[in-house]
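Pasting the sequence and the predicted model now:
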Amino acid sequence: MASLRDIKRKIRVVKNIAQITQAMKMVAAAKLRRVQERVQKGKPYANTMAELVGTLAPSVKDFSHPLLTVRPVQSVMVVVISADKGLAGAYNSNLLRLAHRFVDSQIAQHGAANVRIVSLGRKANEYFAKRGYALTETFPAIGPDTPYDTIRAVSNTLTGQFSVGQVDEVYICYTEFVSALVQRPETVKFLPIEPPAAEEGDQKGGRSDFIFEPKIEELLGVLLPRYVETRVYQLLMEATASEYGARMTAMSAATKNAGEQIDNLTLIANRTRQAGITKDLLDIIGGSEALKG
Amino acid sequence: MATFTLSVVTPEREIFSAPVESIQAPGMEGSFGVLANHAPMVAALQPGLVRITDADGRELRLFVGGGFFQVSNNTAQLLADSAEFASDINAERAKQAEERALNRLAGKFEGEVLQRERATSALQRARARSRVAAGR
């Protein structure tokens, strides 16, 4: 049986761990809130943009744009959005398992040379590099304070390779944010984009009474890349929110477990202490009895 | 004077939302002005100066790095790629950014058409921004 000193040391260690996990939980909660605020602030832009594309696109017949082109699929790009750090419960492993399976199914269809993998976050990068997959491009993970320009660069990578025809489809593996407690890994087809459906009310009148400057076709041409950007931004922010949600849950569970362990260890420590006292007493009594005799 | 509602939003936040008298914006096919009761319009913008006259007749100047402008039923939205009030731009730093963009464009691109295009538009943005900062 462990000595009292060992048990006490163990209690101290677990207490320290609990303190750290508690702090990490608070940090994750604060960051989650910041991400959500950021999403909220970006809503007006994203909504107006989607509305604009949704009402303009249907009013142009036979509109073609590099980002809308559906080609026979010979090569695909898979973008995997993970975190830089672990300690977020099953966040990374769930996502990477899904991404891995998806990448393998794509490779089976198109051959390893025709599947490009782009990773965001150190975890995805390490996961695929370790298993011998070639990564076309890697980015660090996105956080609540990542400037919009960085996100634009990510978006440009996807749209750039797609519009010059290097890849015929782009998929994104990310984690959908259902709530702070529930996150669901998902794969979505990202390019070629499908313009958002116009709302019923707008459809009737159309936008034929609008003045367009430049022509509606050109206007859509500059609008679409921006629209894609906002979609990338949304997905990235959602993945980030999921990451911090998962980390918060994981750390809160860890703190709770540490508390339980402290309770158990304290119980053992008290028992050991008591057993020690009892033994000492027996020794003394035994000794004094022997002296009497 | 009659006013209409204008909001200026960037992907990150809404930077302005209030009734205004007029707005002048750098359209892709030339600068244009909008007053209240303007016909419905959608326009693409290039990097440059936006002048807003607010309901009290004060003029606000801001830089937009390209974007879109939409107006209908006396409600206008300016979707800017990036936007800053002229008073918030550090003229010195804007000048430096312009020089950096110029240097980058002077570098080699080895057939990377896309990158070259990007560097060119970065320079255009930086130029327009430092012009706005300098008050021209």
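Cool, got the structure.

Pull out the buried positions in stretch A:241-261.
A:241-252, A:254-255, A:258, A:261 (16 or more other C-beta atoms under 10 Å in any protein chain shown). To be clear about C-beta, it is placed using only N, CA and C from the backbone, and glycine gets the same treatment.

That should have said stretch A:137-151, apologies.
In stretch A:137-151, counting by 16+ other C-beta under 10 Å, buried: A:137-139, A:141-142, A:144, A:146, A:148, A:151.

And the residues you listed, which two are furthest apart?
Greatest spatial distance in those: A:E137 and A:P144, 22.9 Å, computed using C-beta to C-beta.

ok so, going back, so which of the buried residues of stretch A:137-151 would you say is closest to chain B?
Using C-beta to the nearest C-beta, A:Y148 comes nearest to chain B of the buried residues of stretch A:137-151, at 5.4 Å.

mind listing what that closest one touches?
A:Y148 makes contact with A:233, B:10-12, B:82, according to C-beta atoms under 8 Å, 6 or more residues apart in numbering or on different chains.

Around A:M77, how many other residues sit close by?
Neighbours of A:M77 under the rule other C-beta atoms under 10 Å in any protein chain shown: 25.

could you measure it against A:A112, distance?
Noted for A:M77: a distance of 14 Å to A:A112, by C-beta to C-beta, to the nearest Å.

What segments of chain A are helices?
Taking DSSP state H as the criterion, chain A carries its helices at A:4-56, A:91-110, A:122-130, A:148-163, A:200-205, A:216-292.

Quick check: residues of the stretch 1-150 of chain A near chain B?
When proximity is defined as C-beta under 8 Å from any C-beta of the partner chain, the stretch 1-150 of chain A approaches chain B at A:38, A:41-42, A:44-46, A:48-49, A:52, A:56, A:148.

who wins for most neighbours among the residues you listed?
A:Y45 (25 neighbours).

now the strands for chain B?
Ranges of strands in chain B, per DSSP state E, are B:4-9, B:14-27, B:30-35, B:41-54, B:59-72, B:75-80, B:83-85.

Columns mean pLDDT on top of those, output as a markdown table?
Conversion of these to a markdown table gives the following (pLDDT from 0 to 100):
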| stretch | mean pLDDT |
| --- | --- |
| strand B:4-9 | 94 |
| strand B:14-27 | 93 |
| strand B:30-35 | 92 |
| strand B:41-54 | 92 |
| strand B:59-72 | 91 |
| strand B:75-80 | 93 |
| strand B:83-85 | 88 |
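
okay if I get those as a markdown table plus mean neighbour count?
Output for the strands of chain B, formatted as a markdown table (neighbours: other C-beta atoms under 10 Å in any protein chain shown):
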| stretch | mean neighbour count |
| --- | --- |
| strand B:4-9 | 22 |
| strand B:14-27 | 18 |
| strand B:30-35 | 14 |
| strand B:41-54 | 21 |
| strand B:59-72 | 21 |
| strand B:75-80 | 23 |
| strand B:83-85 | 19 |
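
what does chain B have sitting close to chain A?
B:7, B:9-14, B:27-29, B:32, B:39-44, B:67-68, B:70, B:72, B:77, B:79, B:81-82, B:114, B:118.

how does it look with 6 Å?
With the criterion set to C-beta under 6 Å from any C-beta of the partner chain, chain B comes near chain A through B:9, B:11-14, B:27-29, B:39-44, B:77, B:79, B:114.

worst average pLDDT in the helices of chain A?
Lowest mean pLDDT of the helices of chain A: helix A:200-205, a mean of 46.

How is chain B partitioned into domains?
B:4-86, B:90-134 (automatic domain parsing).

what's the closest of these to A:E229?
Here domain B:4-86 is closest among these (C-beta to C-beta), at 7.2 Å.

longest helix anywhere in chain B?
Under DSSP H, chain B gives helix B:113-134 as its longest helix.

Enumerate the positions of that helix that are buried.
In helix B:113-134, counting by 16+ other C-beta under 10 Å, buried: B:118-119, B:122-133.

tell me the angle that helix makes with strand B:59-72.
Counting by axes from the mean of the first three to the mean of the last three C-alpha atoms, to 10 degrees, helix B:113-134 lies at 130 degrees to strand B:59-72.

Tell me, how many residues neighbour A:V13?
13.

distance of it from chain B?
Distance, A:V13 to chain B, using C-beta to the nearest C-beta, to the nearest Å: 43 Å.

ok, now how distant is the closest residue to B:F32 other than its chain neighbours from chain A?
Spatially, and ignoring its direct neighbours in sequence, B:F32 is nearest to B:A25 (6.3 Å; C-beta to C-beta, 6 or more residues apart in numbering or on different chains). Look at B:A25 and chain A: by C-beta to the nearest C-beta, they are 11 Å apart.
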